[in-house]
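Engineer: Whatever this is, show me its structure:
(one chain, ligands or ions: 2)
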Amino acid sequence: MSTKDYVEKDYYKVLGVPKDATAAEIKKTYRKLAREFHPDANKGDTKAEERFKDISEAYDVLSDEKRRKEYDEARSLFGSGGLRGGGPGGGNYSFDFGDLFSGSQGGAGGGIGDVFGGLFNRGGRQAQPRRGADVETEVTLSFEEAVDGATVPLRMTSQAPCRVCSGTGAKSGTTPRVCPTCVGAGTVSRGQGAFALSEPCRDCKGRGMLVDDPCTVCHGSGRASSARTMQVRIPAGVQDSQRIRLKGKGAQGERGGQPGDLYVTVHVDSHPVFGRKGDNLTVTVPVSFPEAALGGTIEVPTLNGPGVKLKLPPGSSNGLTMRARGKGATRKDGTRGDLLVTVEVVVPKNVAGDALTALEQYREATASDDPRAALFKAAEGA
Ligand SMILES: [Zn+2]
Ligand SMILES: [Zn+2]
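Structural biologist: Ligands and ions are numbered 1, 2, ... in the order given. A predicted model of the protein is given here:
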């Protein structure tokens, strides 16, 4: 069976079944026709014999899933006579149909079938599936959203086949024709022998097909940008500038291909009170000098929760960091980091009245303790 037969014979018509007939429908119809035109039942009737042969040939192809697919492809490409007609020299093309389906002409791009598959993809079993493109986008989260995770709406534009021309780029009612320069390959060879270079065909810009009457919507590109909004779950604990990958949330695949991935670069707003250090939150709390010196219990605010009480040890220095366990950012496993509390001893700007008297008394009481004594000692020793 040559591919030429595929193009010239309409096996669906022979069996009288629609092009989208199921395997079961084809089998049922074939059996009925075969009984009707079987030579045993029509002895001496040459017309019935011919018909029986045609029916058998049609069934041979259509009952074999792989051959039926090849047949459909061949007909969708050349059934409308796209291959006939004169080239630049008016000559006929020698066209190796076998190469069409083995993909050996297409170079690295996955075969010529790919080129045609995209152009003629009008809802049928077609060439190789193609994975959708990866999509990049950005989102800004509030500090709290980043800590706890958030579901945010993302509006994305991506390239999709033009709806008006189904991606062919041709004006409605017309079809693209095979490029005569590269005979549909999309590439042409320059030079000879070992020095032959394959480069994209200039006439069709590597598409393998020419559009005489461009689609008015996409101007022949066959592509359209489509916008969609989708809700995306950003996991808890995301950091500022982190790029997260959401598998399968990118552009739709073609011909049943997997969708691409979505990459979201997250920006996190700063918080007036809290900071982040990995899974831990940070906060700086002012303490008074007596609190730092004598120790005591201080209350510290937490993110999205009631304050937490911490024991400040006596003699706490400025910059001492304490830890409130489990009051930090949510981790992937649902547990939480800690809240790191740094104390900042505040010095009153104006001291008066009883406080001034008390401080002056304190100064006298500690006059013999030089806070810089150790400093000088260390400087001399060095
Ligand atoms: Zn070309
Ligand atoms: Zn279009």
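Engineer: contact partners of the one helix or strand residue 283 maps to?
Structural biologist: Assigned by DSSP states H and E, residue 283 falls within strand 280-288. If you take C-beta atoms under 8 Å, 6 or more residues apart in numbering as the criterion, strand 280-288 is touched by 147, 273-276, 298, 300-301, 303, 312, 316, 327-329, 337-346. The C-beta positions use only the backbone N, C-alpha and C, and glycine is treated the same way.
Engineer: In ChimeraX, how would I select the buried members of those?
Structural biologist: Remark: buried members of these, expressed as a ChimeraX selection using 16 or more other C-beta atoms under 10 Å:
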select :147,274,276,298,300,303,312,316,327,328,329,337,338,339,340,341,343,345
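Engineer: when you check ligand 2, which of the contacts of strand 280-288 turn up near it?
Structural biologist: Checking these against ligand 2 by C-beta under 5 Å from the ion, not one of them is in range.
Engineer: thinking again about what came up before, so which bits of the strand holding residue 283 are buried?
Structural biologist: 280, 281, 282, 283, 285, 287.
Engineer: just stretch 34-46 next, same as before
Structural biologist: Here stretch 34-46 shows residue 37 as buried, counting by 16+ other C-beta under 10 Å.
Engineer: Same check on stretch 257-267?
Structural biologist: For stretch 257-267, by 16+ other C-beta under 10 Å, it's 259, 260, 261, 262, 263, 264, 266.
Engineer: Now, those that are in helices?
Structural biologist: With DSSP state H as the criterion, helices contain none of those.
Engineer: Give me the distance between the residue lying closest to residue 190 once chain neighbours are set aside and residue 189.
Structural biologist: Nearest non-adjacent residue to residue 190, counting by C-beta to C-beta, 6 or more residues apart in numbering: residue 197, 5.1 Å away. Going from residue 197 to residue 189 by C-beta to C-beta, to the nearest Å gives 7 Å.
Engineer: Kindly report the same for residue 312.
Structural biologist: As defined by C-beta to C-beta, residue 312 lies at a distance of 81 Å from residue 189.
Engineer: same check, this time on residue 231
Structural biologist: The value you get for residue 231 to residue 189, if C-beta to C-beta is used, is 50 Å.
Engineer: Among those two, which residue is more densely surrounded?
Structural biologist: Neighbours were counted for residue 231 and for residue 189 using other C-beta atoms under 10 Å; residue 189 has more, 11 against 8.
Engineer: can you list contacts of the strand or helix carrying residue 380?
Structural biologist: In this structure, residue 380 sits in helix 373-381 according to DSSP H and E. Taking C-beta under 8 Å, 6+ apart as the criterion, no residue outside helix 373-381 touches it.
Engineer: Could you verify my assumption that residue 37 touches residue 56?
Structural biologist: No - counting by C-beta atoms under 8 Å, residue 37 does not reach residue 56; the two are 9.4 Å apart.
Engineer: Which secondary structure state does residue 185 sit in?
Structural biologist: coil (DSSP: H, G, I helix; E, B strand; the rest coil).
Engineer: Can you classify the residue nearest to residue 200 when sequence neighbours are not counted as helix, strand or coil?
Structural biologist: Distances taken as C-beta to C-beta, 6+ apart place residue 206 nearest to residue 200, at 3.7 Å, with adjacent residues excluded. Residue 206 carries the three-state label coil when classified by three-state DSSP.
Engineer: what's residue 62 in contact with, if anything?
Structural biologist: 11, 12, 15, 17, 26, 68, 71.
Engineer: and which of those is nearest residue 176?
Structural biologist: For these, the minimum distance to residue 176 (C-beta to C-beta) is 21.1 Å, reached by residue 71.
Engineer: burial of that closest one, as a residue count?
Structural biologist: Neighbours around residue 71, by other C-beta under 10 Å: 23.
Engineer: helix or strand for it, which one?
Structural biologist: Residue 71 belongs to helix 65-78, assigned by DSSP H and E.
Engineer: tell me the angle of the host helix or strand of residue 27 relative to helix 65-78?
Structural biologist: For residue 27, the host element (DSSP H and E) is helix 23-37. Between helix 23-37 and helix 65-78, the angle comes out at 90 degrees (axes from the mean of the first three to the mean of the last three C-alpha atoms, to 10 degrees).
Engineer: What residues sit buried inside the helix or strand just after helix 23-37?
Structural biologist: Sequence order places helix 46-62 as the next helix or strand after helix 23-37, per DSSP H and E. Judged by neighbour count using 16+ other C-beta under 10 Å, the buried positions of helix 46-62 are 48, 51, 52, 54, 55, 58, 59, 61, 62.
Engineer: Just to check, the first one is in contact with residue 37?
Structural biologist: Yes - Residue 48 sits in contact with residue 37 when judged by C-beta under 8 Å, with a separation of 4.8 Å.
Engineer: can you pull the contacts of the nearest residue to residue 138 once chain neighbours are set aside?
Structural biologist: Using C-beta to C-beta, 6+ apart and skipping the chain neighbours, the partner closest in space to residue 138 is residue 265 (4.7 Å). Neighbouring residues of residue 265 by C-beta under 8 Å, 6+ apart: 136, 137, 138, 139, 241, 242, 243.
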